[in-house]
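Student: mind looking at a prediction? Sequence and model below.
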Amino acid sequence: MLECRRYSKNLKELVLLGNELASSENYVLEIINRRQIEKLDHIIVTPYIRKAFTEIKQQRDIEDVIKETHSEYLRRIKDEVQAKEKIIDSLRAKQQQVE
């Protein structure tokens, strides 16, 4: 995420307000997991805040899995409908030949 990861071991306070990086949806979730960070954007990172953001990240991860699963499920249904439509078209064509 950050280009300066190799320097971040001693980093205790980080302020990125107004920075383009701070507009990233996962910015806080990524940074907050770095245990050495004590202050983020002028806010003291307490265990409660870490826990709350960890729960938010877990919820987002679950939602992402649900979205991906739902999309895959719909794609498979669409594929199955198309396959059945081809079979029906084939059967109709054979029925017309018989009639």
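Tutor: Done, it's in.
Student: which strand or helix spans the residue nearest the centre of the chain?
Tutor: Most central in the chain under C-alpha atoms, centre = their mean is residue 64, positioned 4.5 Å from the mean C-alpha point. Taking DSSP states H and E as the definition, one finds residue 64 inside helix 47-98.
Student: got a pLDDT number for the residue nearest to the centre of the chain?
Tutor: The model reports residue 64 with a pLDDT of 93.
Student: do the one 3 residues further on as well
Tutor: What the model reports for residue 67 is a pLDDT of 95.
Student: and it, what is it in contact with?
Tutor: For residue 67, no contacting residues are found, by C-beta atoms under 8 Å, 6 or more residues apart in numbering. Backbone N, C-alpha and C define where each C-beta goes, glycine included.
Student: could I get the buried residue list for stretch 53-63?
Tutor: Under the neighbour-count criterion of 16 or more other C-beta atoms under 10 Å, stretch 53-63 has 53, 57 buried.
Student: what sits up against that stretch?
Tutor: Applying C-beta under 8 Å, 6+ apart, the contact partners of stretch 53-63 are 26, 28, 29, 32, 33.
Student: buried ones from these, can you make that a ChimeraX selection?
Tutor: The ChimeraX selection below is limited to those of those classed as buried (16+ other C-beta under 10 Å):
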select :28,29,32
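Student: show me what the lowest-mean-pLDDT helix or strand in the chain is packed against.
Tutor: Taking mean pLDDT, DSSP states H and E as the measure, the chain has helix 27-32 as its least confident helix or strand, at a mean of 79. Using 3 or more C-beta pairs under 8 Å, 6 or more residues apart in numbering; DSSP states H and E as the contact test, the elements touching helix 27-32 are strand 39-40, helix 47-98.
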